[in-house]
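Participant: Below is the structure, and that's it, no one-letter string:
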C-alpha cells in the first residue's frame with residue numbers, strides 16, 4: 001500500500017515536468033508550507049492528502065481515507081523548476097511544479113493534480 005501512495009505523490013509532483021521552463025528563487029520559497037490535494041484530473045478527491053515542505057529541505061505527508069492512515073517523510077531539493085524527492089526508504093522521485101498564488105498545479109503523462117495551500 002505504501003508504494004501506491006508514493007506513486008500518488010509522484011503523480012502529484014510530476015505535472016510541471018512537461019510545462020514549466022524555469023523557477024525563480026521566489027518560486028522555490030513559495031513551496032514552503034502545507035498543501036492539501038484538492039483534485040486529480042478535474043475530480044475532487046474524497047480522501048485527505050496533506051504534504052508539508054519545510055525550509056530545511058525536508059517534507060512529510062499524511063494520507064487518510066476512511067480507517068486507513070499513512071505517513072512518510074524525507075528530503076527534497078529544488079533546482080530551477082525541478083524538485084527531487086527522497087523518501088525515507090531511499091526511493092527518489094523527480095518532477096517539476098507550478099505555483100500560482102495559493103495553488104500548486106502538478107501534472108505528468110497521466111493527468112493533472114491541484115493542491116491548495118493550507
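Facilitator: Received it, and whenever you're ready, just let me know what you need. In this text, all values refer to a predicted model and were calculated from it rather than measured experimentally.

Participant: So in this protein, which strand runs the longest?
Facilitator: strand 68-79 (DSSP state E).

Participant: which strands and helices sit next to the next helix or strand after it?
Facilitator: Toward the C-terminus, strand 68-79 is succeeded by strand 82-87 as the next helix or strand (DSSP states H and E). Helices and strands touching strand 82-87, by 3 or more CB pairs under 8 Å, 6 or more residues apart in numbering; DSSP states H and E, are helix 2-14, strand 68-79, strand 92-96. Backbone N, C-alpha and C define where each C-beta goes, glycine included.

Participant: what are the phi and psi values for residue 30?
Facilitator: Backbone torsions of residue 30, given as degrees, to the nearest 10, read phi -70, psi -20.

Participant: Quick check: it touching residue 99?
Facilitator: Yes - counting by CB atoms under 8 Å, residue 30 does reach residue 99; the two are 4.5 Å apart.

Participant: out of these two, which sits in the busier spot?
Facilitator: residue 99 (21 against 18; other CB atoms under 10 Å).
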